[in-house]
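Student: Quick one, structure for this:
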Amino acid sequence: MPALRDDWGDEARRLLQLLAQRERVDPGWRPAAVADWLTFAEICEIHQVVPYVYCRLRGLTKTVGLAGLLEHLRTRFLHICARNYQLAKKLVDLTSMLQNEGVPVLAYKGPALVMAVYGSLALRQYNDLDLVIRKEHQVKVVRLMKGWSYQIAPTLAVPRVRPFLGHPEDPRNFERTQEIEFCAPDSTYFVDLHWQLGDLFWRPLHPDVEKFWDRAERQDLPQGSVSTLCREDLFLALCAHGNRHRWIRLKWLVDIAELLRNAQPLDWSRVEEMVSIRPGAAASANVALLLAHDLLEAPVPDAARRILPTTSRTLALAAAIREELLQSGQTSGDEHSTLLALEARRLARMKYHAVRIISYPGGLFREIFLQVSPMDRALIRLPNRLQFLYHLIRPIRLAVKHCVRVARTLWLTAI
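Tutor: Modelled structure (predicted):
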């Protein structure tokens, strides 16, 4: 993740304003200089919404002063569009090859999502392909993929700490992992092979993968058709995915907004049935609805409000994410704090912290030293050239905060 800059908050607010507008009207702002629209173009790239933004701006009646921005976005739009069509062809070919070998497979996200939600491959950027398979076909699919010259992508796993991440293809490790990432034979794209959509901690916030197959649908692409998740499974899976990454990319929130605006509405009775066995998925979806409605003015049906009620935890988490986006232009992407905000049980929190510290010490280091939160920035405002000092200020602030908390607890215990 690139380092945050002071001007990203302003540009993110401009971007959100444009994404939320449904009428083809003047966006109400004009880049005053080249540097202004370059910064706006940069924030569009970071959130991977260039195709969507270009099509929105291109359709406006008043674009005076936006010629440079439009030309820049047009060039990127054509490049992304060409790659989208290439990846869609790869998806159709790969799923056909697996099905010919007797392996059922579902396309998840990527081209299937874009066609289902946006109706055109040109309107959303995606970088790789995601497939869902059954657990019992894992060994066979790994063998097939290797036989077709796909290579398992290396991981950053520390062998002594999490050895199974370094060898996800080992059948003994299938229960502890959820996916294998393959690099294509020509090294131009990756294929993520899933049998779960989240690790042990995030799994309860996703819809039940085993139920996907009974509700699967066919999705037509320009190059053919593929089997994919039904719209309701897709909605819940996208909500959980966005929360897991703390909505660090606005394109994930646009997906939710477009699903809610789609002419083909979601079957909320089916969603209710799904979340009845996965209560965590309801909390995850409620956060997504709050953010999509607040930031992108997406309509939320009364049935959705009833089935996915707002709680103090989901309201607080959505408010924190919204504040990060508006202040910094991007969230921290921290899955640890996001999950803990959604998890109500204190014992589960303690277990989560203990397991994470033991099995993923790099995450603790990142949380303390690398990420910068709005609270760190609120403590002292630094110019761009001194932004690196936040990484020194943060551990000091956290140390003081927790020392005060311990001292207060000891004092209350003593009196």
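
Student: Show me which residues of stretch 120-134 are buried.
Tutor: Going by neighbour count (16 or more other CB atoms under 10 Å), the buried part of stretch 120-134 is 121-126, 128-134. Quick note: C-beta positions are derived from backbone N, CA and C, even for glycine.

Student: can you tell me which two in these are farthest apart?
Tutor: 122 and 134 (32.5 Å; CB to CB).

Student: Poorly predicted segments of the stretch 1-150 of the chain, please.
Tutor: By pLDDT under 70, the low-scoring segments of the stretch 1-150 of the chain are 1-7, 22-35, 60-65.

Student: mind listing what residue 108 touches?
Tutor: 130-132, 194, 197, 228-229, 237 (CB atoms under 8 Å, 6 or more residues apart in numbering).

Student: Narrow those to those in helices?
Tutor: residue 237 (DSSP state H).

Student: still on that earlier bit, among the buried residues of stretch 120-134, which one lies nearest to residue 208?
Tutor: Taking those together and measuring to residue 208 by CB to CB, the closest member is residue 132, at 12.2 Å.

Student: Does that closest one touch residue 211 like I think?
Tutor: No. Here residue 132 does not reach residue 211: they are 11.7 Å apart, not a contact under CB atoms under 8 Å.

Student: Helices along the stretch 251-400 of the chain, start to end?
Tutor: Taking DSSP state H, counting those that start in this stretch as the criterion, the stretch 251-400 of the chain carries its helices at 268-277, 279-296, 302-307, 312-328, 335-342, 346-359, 361-365, 374-379, 390-414.

Student: and if you look at the stretch 1-150 of the chain?
Tutor: 8-20, 34-46, 50-58, 67-100, 110-117, 138-147.

Student: so which of those comes closest to residue 260?
Tutor: helix 110-117 (10.2 Å).

Student: For the closest one, name the packing helices and strands.
Tutor: When contacts are defined as 3 or more CB pairs under 8 Å, 6 or more residues apart in numbering; DSSP states H and E, helix 110-117 sits against helix 67-100, strand 129-132, strand 217-221, strand 224-228, helix 231-244, helix 250-261.

Student: so how far is residue 137 from the residue lying closest to residue 301 once chain neighbours are set aside?
Tutor: Setting aside the residues directly before and after it, residue 301 is nearest to residue 268 in space (CB to CB, 6 or more residues apart in numbering), at 6.6 Å. Separation of residue 268 from residue 137 (CB to CB, to the nearest Å) stands at 32 Å.

Student: right, and residue 123 touches residue 114 too?
Tutor: Yes. The criterion here is CB under 8 Å, and residue 123 meets it with residue 114 at 6.6 Å.

Student: hang on, isn't residue 255 packed against residue 117?
Tutor: Yes. Between residue 255 and residue 117 there is a contact under CB under 8 Å: 5.9 Å.

Student: Give me the more crowded residue out of those two.
Tutor: Using other CB atoms under 10 Å, the more surrounded residue of residue 255 and residue 117 is residue 255, with 26 against 22.

Student: and the helices of the stretch 1-150 of the chain, which is most packed in?
Tutor: Across the helices of the stretch 1-150 of the chain, the average number of neighbours (mean count of other CB atoms under 10 Å) peaks for helix 110-117, which reaches a mean of 24.

Student: Would you mind pulling the contact partners of that one?
Tutor: Contacts for helix 110-117 (CB under 8 Å, 6+ apart): 84, 87-88, 91, 120-121, 123-124, 126, 128-130, 219-221, 226, 228-229, 231, 234, 238, 255, 258-259, 262.

Student: ok, back up a step: mind checking the helices and strands packed on helix 110-117 for the one nearest to residue 385?
Tutor: Closest to residue 385 of these, according to CB to CB: helix 67-100, at 26.4 Å.
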